[in-house]
Every structure is written in C-alpha cells, then in structure tokens.
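Asks: Here is a sequence together with a model predicted from it:
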Number of protein chains: 2
Amino acid sequence: MPVLRPRPLPRVLLLGLVPVAAWFVVRPLLEPLPSIPALYSSIGFSIFAFLATIYLVPALGPTFIKARLSGRDLLKVYGSEIPKEETLVPESLGLVCASIYILSLILFIPFAFSTPILQQANAKKPHEGISVVEFPHHQLSVYLSSLLSLLVATMLGFLDDVFDIRWRHKLPIPIIASIPLLMVYYAEHGNTNVVVPLPLRFIFGTLINLGPLYYVYMSLLSTFSTNSINILAGINGSETSQALIIALSVILNDLLYLPWPVKIRVPLHLLGNTTELGFGGVWKAGMAYGSRELVERHLFSLYFMLPLVAVCIGFLYHNWYPARAFPGDTLCYVTGMAFAVVGIQAHFSKTLLLFFMPQIFNFLLSCPQLFGLVPCPRHRVPRFEAETNLLHPSKAAERQFEKAPSKITVIVLRILSTLGLAELTTDPTSGVITNTTNLTILNVFLLRLGPMNEKKLVQVLIVSQVAGSIFAFFIRYGLAWLVYDGDRR
Amino acid sequence: MPVLRPRPLPRVLLLGLVPVAAWFVVRPLLEPLPSIPALYSSIGFSIFAFLATIYLVPALGPTFIKARLSGRDLLKVYGSEIPKEETLVPESLGLVCASIYILSLILFIPFAFSTPILQQANAKKPHEGISVVEFPHHQLSVYLSSLLSLLVATMLGFLDDVFDIRWRHKLPIPIIASIPLLMVYYAEHGNTNVVVPLPLRFIFGTLINLGPLYYVYMSLLSTFSTNSINILAGINGSETSQALIIALSVILNDLLYLPWPVKIRVPLHLLGNTTELGFGGVWKAGMAYGSRELVERHLFSLYFMLPLVAVCIGFLYHNWYPARAFPGDTLCYVTGMAFAVVGIQAHFSKTLLLFFMPQIFNFLLSCPQLFGLVPCPRHRVPRFEAETNLLHPSKAAERQFEKAPSKITVIVLRILSTLGLAELTTDPTSGVITNTTNLTILNVFLLRLGPMNEKKLVQVLIVSQVAGSIFAFFIRYGLAWLVYDGDRR
C-alpha cells in the first residue's frame, strides 16, 4: 500500500458551488417569496458546510497528527521501506465536521428566527397553501437547547478521544449531553403524553402521560443513538456512512410532510391498507394532513439534517477506503445526538428508531459481550489477512476462553450459532466451547457472505442500512395502521 | 522545593456545605416565597460548583498528566534527586472549572425559567416590592445563547491548549465564540442604541443607533475581555485571581440594583455629586430606581457571576502559590467570555470595562511588543533567580536586540523609561538602546517595588486589581454625572 496522500480535490467544481450556495442562502430576501423561505437558506448553508468539510479535513490533518491525534490503520499493510510516521492517519477529525456543522447551524439562526426578516416576509406572504414565514418564537429556545446538546456532545466526544475513556465509563456520557435538551423541554413545559397503540388502549386509554419517565426515555434515546453508531465501527467509512444513510432517511421522511406544489398518491390498498398514501399538495401538506404544527416540526428536523448530510458526504470523501482521515468518537457523538435531537424535538422518535434497525440488531447481538457473558476484546473489528487483503470474522478470545463458559453463556452461544450469527470453536475431545467469533453485524456479514475486502464489507453495510430504511418506511406507512389509528398527528 | 502533592481538603467542612447548598437550591419551592426565588437556587448551585471544583481538580490532575496536558513550573526549583515526572503540574484544568460552571448554569434553567414553577410562584407572589417570580420568557433564548457562547469559548480554549495555537492566530478566536450571542441578539431584534455622553450630545443627540457597529463592538468586547486576562498571566494564581476579583466587582455592582429590604444612603455631596447615592428599598430597588427591567438585567448578571466566583475560589485553592494545577488558556477564555456575556446582555459594558483597568493598562503597555515595535519573546514572565527565590524584571531580548531599534521604537521606549514603566539597557559607548524589560504590568511592579517572590507578586497584582475596582466604583457612581445625566436607566 503506498503512502497516504490527501485525496485530490476537484477545485473547479467546488468553486462552482459557492455561487449556488450563496444564492440559496439569500433566497429568503428575494422576490417572489417561497412558501418556506428559511429552507432555502438551510440548503445554502449545507452546501457551504459540505465545501468547508471537504477542504478543511485534509488541510487540518497534519495539525491533528502533530497534536498526537492520529492512529495506524489496523486493516492495511505498508511496505517495510515506508517510515512509520508516514503511515499515520489523523484521528478525531469528526471534531472538524462537528465544528462546521454546529457553526452552520448557528449562522442559520437569523434566517430562521430573525424578527425583522420575518416581519418583512409576513407582509408578502404567499397566498396559497401552508407557508412557514413566521416561525414560532418559542422555537428559538428549543433550537438553542438542541445546539447546546450538540455542542456538549462534541465536547465530550473530543474529550473521549483525548483522554481515551474506557467504554464501560463512556456509555452514560450522552446522558450529560442530553441535559440541556431536557432542562429546556421541562422549562418550556414540553408534552410528555404518548399515544397508546390500539391493542393496549383498553388498559391505558388513547393518551398516557409518562411524566418523569418521558425524560428518562429522552435521555435513553440519546444514549442509544450515540452508542449504537459507536459500536458499529472499526472499518473505513462505517460510522460516516451509517450516519449519512440514517440522516437521508430522516430527510426523506420529513419531505413527506411538506407542502409540495404537486400531489402524489400511492395506492396502498394492495398492501391491505385501508387508505391510500397521499403526499404533496399545498394545503394538505402530504402526511401532515393540513397540520401546520407537523409541517413546522419536520422543518425543524430538516434544518438539523441537511447540514449533517452535507458534512457526512464531505467527510466520507476522505474517510472512504483507504481512509485518509478517521472520525474518532467525536463524529459518533455528534451525529447520534443530532438524531436524538430531531427525534425528540420533532416528536418522531419511534419512526427514528425504525431507521436504526441494523444498529439495534448489532446492539442486541453485542449484548452477551457488552454485559460480560462472553469475553470482549479491546477491538472487535474483523481479522485482516495481509496476504489475501481479505477480512475474516474475528475471534472473541485470542486463543481460547480462559475458563470454560458458564451454562447461560453456552445456551446463548448455541442459539446464536444455530441462527448462523456466530461460529463456535469446540474442543474436539470434550465438546466444550473454547472460542466464538465476535458478536457484531460485520462478523455476521463475513460469516454469511464469506471473507471479503474492507471496501466490499462497508458496501454490504451500506446496502443493509438502505434496506433497513426501506423496510422502515414500509412499516411506518404500510403497517402502522395495525397498531395506531389512521389519523397520526 | 519538595515534590508537589495535591493540597489536602478539609472534608468535614466541605461535607457540611452540602446540606446548606441543597437548602438554597430548593428554597424557591418552600414557603414563604422570597421576592427573588431563583436567586436562592443560583447561590445553592454555586456552592455545589465550588465543592465540585475543589474536589475534582486534584482528582482529575493525574488524568490530565497522562493525556500529556501538563507542564513544568518555570519559576520553581526542584532538587536534582527528584525525578522529572514528579515535578509535572497538570495543565488546562480550566477545562474542569469551565465544565462545572456551564453544567451548573444548565441545571439552573428549570429553577429560573420553568413554566410550572413560575405559575405556582405567581399565585403566591410576595406583596411588597419588586419581585422577580415570573422571569420574562424571551430571556430563556438570551440565556441559552449566552451558554452557547460560553461553551464555544471553552471548546476553543481547550483546542488552543491541545493544538497550542500561536498567539497571533488566537487573538481573533473569541470572535467565533461571540457569534451565538450576536446571532440571537439580532434574531431577538436587540437594542443597538447607545446613550451619548453629555459633551457630544450637541452633535449626535441623546441616543445614537450604532446599527451594525454595535455588533462589531460586542465581538470586540469579548475579544478584549478574553485576551486581556490571557496576556496578564504567567505566575501562579494570576489568571484565577484576576477573574475572581472582576467577578466579585460585577456582583457588588449587581447587588446595588436589587430590591433589598433595607435602604442605605451614601451622601455623595461631599464628592461634588448633585444627588446622594441611595440603594436598597423594596420598591425603588436601589440604583434601579424602580425599573423592573434593570433589576432583571442585573439578576441575569448575578446568575452568571455567582457560580463563576465559586469555581474561581475552588480552583484558586489549588492554583495558589506553589501551584498544584495550571488553568491553561481554557480558564481565560471562559471567564473572559462570561464577562463579555453579562456586559452585553445586561447592558453595562462601560461599567464592566472600568473593572478591567489593570488589564487595559497592561494591554496598552504591551502594545509595542504585541505589534512588533519591540521584540517579543515566547514567554514574558518575570525572570526567576533560584538562589534568592526572587523574581526580577525579564528582558525582551535574551542578550541584546538583533538589530538597532527603529526611530519610533526608540521614542516609545524612552517615553516608557521616563514614566518608569521600562528599564532600558544602552550600549555604554554609542548610547544605542540594546535591550529593555518586557512591557508587562508584572515587570512594572518588580521595577517599582523591587524584586520579590512569586507569592508576593501575585498579592501585589490582587491589591492593584482591588484598588482598580474601588476606583471604578468611584468613577461610575461618583463621576458619571459629569458625562451622563443622573437618570441612568
């Protein structure tokens, strides 16, 4: 493998994007006023965020290496003639992504919330359909508290990178980052009611007030969304591509609730649904069914997701196999917290969790190792075979378990092995289990599809994430009527 | 000098403070309701912040040393028998202070802004005087934007510590931290008028709208307050004690505007003032002259200053000569930004600047070195003489200037020398200036008062800061009527 040089940047194309981005940013100030002016600025800032990321990541790489924030890629081989310093990959560059992301969200504030701009816009309100030119003022507090949580998450992620906190200690860290969110949610007297699924309504009624439990749920959601991305990591591009696809799925879901000029109908009768799925239409605003509040919530989510997608694409360019930059924990923290923020503030946490299906699967699969039933090595990444350049499933113990596994461990491992999720090594004479593959989704891919190289593996991961999202949309809009009534506001 | 062990903590005393702090925190929920309930919680959280700082700083020291965030104290001598690792002092512990400070401000949110608590409180409003039980709701956005700026400042300060940014590059960094403040100030359509001093009113009128210039002023204020503390540094306890005394001065000034049950009158006629200085009184609320808005502004300031004082005291215990912990740039960034925040949001930036007199003097004195007229070494701390344990004024050039000083440099240095602010070295034959003492207030103290040890020098600095604040109060309340009319709302 040759020495790593920063990936070349197509300057002409990138400079061409600057005027486009600038036009989008100032669009709310131009006539004729669109129905959702701030959305244009958000797109403009996202393009700028993309440009900033793709340029700054390689530019700041050497600074990170100098500050000893760097690592060696464990799944690559370098010729012995190359000096070791030249194989260092800068680490923690998620910090750059997070900074650009948060800065673009801060600079966006006047465009979404500024009184003078909104007053002017209100005077020239478009006549047809739901228009969001006067953004509700109390939303500013909610927006700022979300920014605070993102910033705390970035800070903690970076501290994790600098101080290298052990994973058992860092599991609860996202709870700290969710505190600003919770405090403002409480101060703003946020809604703690949840809609009860149909089969349980005879016990709880239609709505149930979770009270303090709702706050526990919110902080657990941020803990989950952060850590679940963090434990599905270890190969080039894995963290970034997961975040990218989840963010794109959230955006697609948000778009269903906006007042589009065209109206599209999908006949869901074929799937046994009682209604057809219609989205678009300036008054009905698609899935929002004319609810202004739903439109605003999903706009809020869009404002956080568009720049996130932008920095993820920009970073993936450098993080793609063979990686020129590593994200560090910072990227997982900030993306995880961003998903939690939109899920909580825009009230679609259940839909959000549907987009985390591969992560949920990976988390459940990892539980025996996370909670000590099965030995857990420091790194669970697949094993690299230098001769063939292929990845193989890695083992939980280097040679074999130090002591014979307990009864419950044996049961769990046997079940996983039967389901094809783990490959066990047994003592040929006694039949005792002596080792197992690490319990991660990446190892499952390698077990089921055979050894493959790192690039192929991350592609399989991406495909599974996309498939998960498609399935999620099917559940959300095709099957949700089974447990909730049609009118989902 | 023996090896540095963490300073012992009087456990019994500290544990005794926990119930006191807890009582203060929950006081707003108890009967009878005080006129400013949230102030009690603020005091309670500040006591907790003090306890957290004094305990966590020594506890986390080894972690910082392990992450290579440590330095050697340049103004101490150690026996050669002591291994070098044992003389390392953990650096950047301002990060711990900043984290505790910001976390306590976040946890305070429900007590100051929560709708249910305030509704309950409003029903039982005290009958007499100005009571601040219903805190204006839009203040939450202002509070959150201030927190964002503090957090960005902390982040940037820590990045400065980790990446060791050169000082010329880091001068504008606080401008970035002030962006959230400016954005929300703009979105909230903040006031950009300033009152014109009497002598200039015939040109500008009573009020002048600075417009965009006001935003420039705000970001320059944060740049100044941050950097001016950062360049008056280098001896044990200097940064922390400056911040502590400025914060205490701000608090004293805030207290003049609160509705105290007693009324105190200071006859200022003696100083030539036309009115007497009266503060206290439940309805007039001292200097607020019955203005509810002024009371709220100064409460806002108190809420930010009380926990700041608490963490500064807690940290000073460990940072005092001989220091067991260094603050790093993080402390200067967060304290400087905190002062800028209260000066801007509570609209008393001119009064605030009066408390910065020693810093302004030091900044003006440093200008010839900062802007390249006089050579500027990496560190301008006083020179340490190991035999006597005394500090002497340090020199700008190690031996002598590399080239003969320019004409303007000669003029500046001659003036400073005549004023007794610098000591020049001249070539005995040609009379050309070959060296000068570094242009800092610390060197001026050593020039004027003679060599002294480090502890004495920081005490002199503290005395000068206190004297500056007393003089500031005299100007603000004794002389301000010369340039502004009496009714300062």
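Replies: Cool, got the structure. Numbers count the residues shown, from 1 in each chain, chains lettered A, B, ... in the order given.

Asks: Who are the contact partners of A:L255?
Replies: Contacts for A:L255 (CB atoms under 8 Å, 6 or more residues apart in numbering or on different chains) come out as A:L302. C-beta here means a position set from N, CA and C on the backbone, and glycine is covered the same way.

Asks: Could you pull up phi and psi at it?
Replies: Phi and psi for A:L255, reported as degrees, to the nearest 10, are phi -60, psi -30.

Asks: Could you report the pLDDT at it?
Replies: You'll see A:L255 listed with a pLDDT of 92.

Asks: roughly how far apart are it and chain B?
Replies: A:L255 sits at a distance of 26 Å from chain B (criterion: CB to the nearest CB, to the nearest Å).

Asks: same question, A:D427
Replies: Distance, A:D427 to chain B, by CB to the nearest CB: 41 Å.

Asks: got it, and A:L181?
Replies: Distance, A:L181 to chain B, by CB to the nearest CB: 10 Å.

Asks: Check A:L15 too.
Replies: For A:L15, the distance to chain B equals 24 Å [CB to the nearest CB].

Asks: Repeat that for A:F300.
Replies: Taken as CB to the nearest CB, the span from A:F300 to chain B is 15 Å.

Asks: Could you report the neighbour count for the nearest residue to that residue once chain neighbours are set aside?
Replies: Setting aside the residues directly before and after it, A:F300 is nearest to A:A346 in space (CB to CB, 6 or more residues apart in numbering or on different chains), at 5.3 Å. Per other CB atoms under 10 Å in any protein chain shown, the neighbour tally for A:A346 reads 25.

Asks: Just the pLDDT at A:A346, thanks.
Replies: 90.

Asks: ditto for A:E134
Replies: 58.

Asks: got it, and the one 4 residues further on?
Replies: You'll see A:H138 listed with a pLDDT of 72.

Asks: Surely it and A:A187 touch.
Replies: No - the criterion here is CB atoms under 8 Å, and A:H138 misses it with A:A187 at 10.6 Å.

Asks: which one of those two has more residues nearby?
Replies: More neighbours surround A:A187 than the other of A:H138 and A:A187, with 25 against 13 (other CB under 10 Å).

Asks: ok so, going back, ok now do the residue nearest to A:F300, which residues does it touch?
Replies: Neighbours of A:A346 in contact, by CB under 8 Å, 6+ apart: A:D254, A:R297, A:H298, A:F300, A:S301.

Asks: Sort out which one of these lies nearest chain B for me.
Replies: A:F300 (15.3 Å; CB to the nearest CB).

Asks: Which helix or strand contains the residue in the stretch 251-400 of chain A that chain B sits nearest to?
Replies: The stretch 251-400 of chain A approaches chain B most closely through A:T330 (11.2 Å), counting by CB to the nearest CB. Applying DSSP states H and E as the criterion places A:T330 in helix A:328-345.

Asks: by contact count, what packs against the following helix or strand past that helix?
Replies: Going down the chain from helix A:328-345, the next helix or strand is helix A:349-354, by DSSP H and E. Other elements packing on helix A:349-354 under the criterion 3 or more CB pairs under 8 Å, 6 or more residues apart in numbering or on different chains; DSSP states H and E are helix A:212-231, helix A:328-345.

Asks: highest average neighbour count across these?
Replies: helix A:328-345 (a mean of 28; mean count of other CB atoms under 10 Å in any protein chain shown).

Asks: Next, the angle helix A:212-231 makes with it.
Replies: Calculated by axes from the mean of the first three to the mean of the last three CA atoms, to 10 degrees, helix A:328-345 forms an angle of 150 degrees with helix A:212-231.

Asks: Packing partners of helix A:328-345?
Replies: Going by 3+ CB pairs under 8 Å, 6+ apart, helix A:328-345 lies up against helix A:94-107, helix A:139-163, helix A:173-187, helix A:212-231, helix A:238-255, helix A:292-319, helix A:349-354.

Asks: near chain B, which residues of the stretch 51-200 of chain A?
Replies: A:63, A:66-69, A:103, A:106-107, A:109-110, A:113-116, A:137-138, A:140-141, A:144-145, A:147-148, A:151-152, A:154-155, A:158, A:162-164, A:176, A:179-180, A:183-184, A:186-189 (CB under 8 Å from any CB of the partner chain).

Asks: now do 6 Å
Replies: Residues of the stretch 51-200 of chain A found near chain B (CB under 6 Å from any CB of the partner chain) are A:63, A:67, A:106, A:109-110, A:113-115, A:140-141, A:144-145, A:147-148, A:151, A:155, A:162-163, A:179-180, A:183, A:186-187, A:189.

Asks: what's stretch A:422-433 in contact with?
Replies: With contact meaning CB atoms under 6 Å, 6 or more residues apart in numbering or on different chains, stretch A:422-433 is reached by A:A404, A:P405, A:L413, A:L416, A:S417, A:T434, A:N435, A:T436, A:T437, A:L447.

Asks: Need the pLDDT of A:Y186.
Replies: 84.

Asks: mind listing what it touches?
Replies: B:P110, B:S114.

Asks: where does chain A have low pLDDT?
Replies: A:1-4, A:115-137, A:167-168, A:262-286, A:290, A:485-489 (pLDDT under 70).

Asks: What is the neighbour count of A:R414?
Replies: Counted with other CB under 10 Å, residues neighbouring A:R414 total 13.

Asks: distance between the longest helix seen in chain A and the chain's centre?
Replies: With DSSP state H setting the assignment, residue counts place helix A:37-66 as the longest helix in chain A. Helix A:37-66 sits 18 Å away from the centroid of its parent chain (CA atoms, centre = their mean, to the nearest Å).

Asks: before we move on, what about stretch A:200-214?
Replies: The answer for stretch A:200-214 is 29 Å, by CA atoms, centre = their mean.

Asks: and the helix or strand containing A:Q359, which residues are buried?
Replies: Per DSSP H and E, A:Q359 falls inside helix A:357-370. Buried residues in helix A:357-370, counted by 16 or more other CB atoms under 10 Å in any protein chain shown: A:M357, A:P358, A:Q359, A:F361, A:N362, A:F363, A:L365, A:S366, A:P368, A:Q369, A:L370.

Asks: Let's have those residues in TSV, adding distance to B:L316.
Replies: Formatted as TSV, the buried residues of helix A:357-370 follow (distance: CB to CB, whole Å):
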residue	distance to B:L316
A:M357	52
A:P358	51
A:Q359	46
A:F361	52
A:N362	48
A:F363	45
A:L365	51
A:S366	46
A:P368	49
A:Q369	46
A:L370	42
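
Asks: dump the residue contacts of A:S92.
Replies: Per CB under 6 Å, 6+ apart, neighbours of A:S92: A:L69, A:D161, A:G328, A:T330.

Asks: I meant A:I102, not that one.
Replies: Counting by CB under 6 Å, 6+ apart, A:I102 makes contact with A:L150, A:L151.
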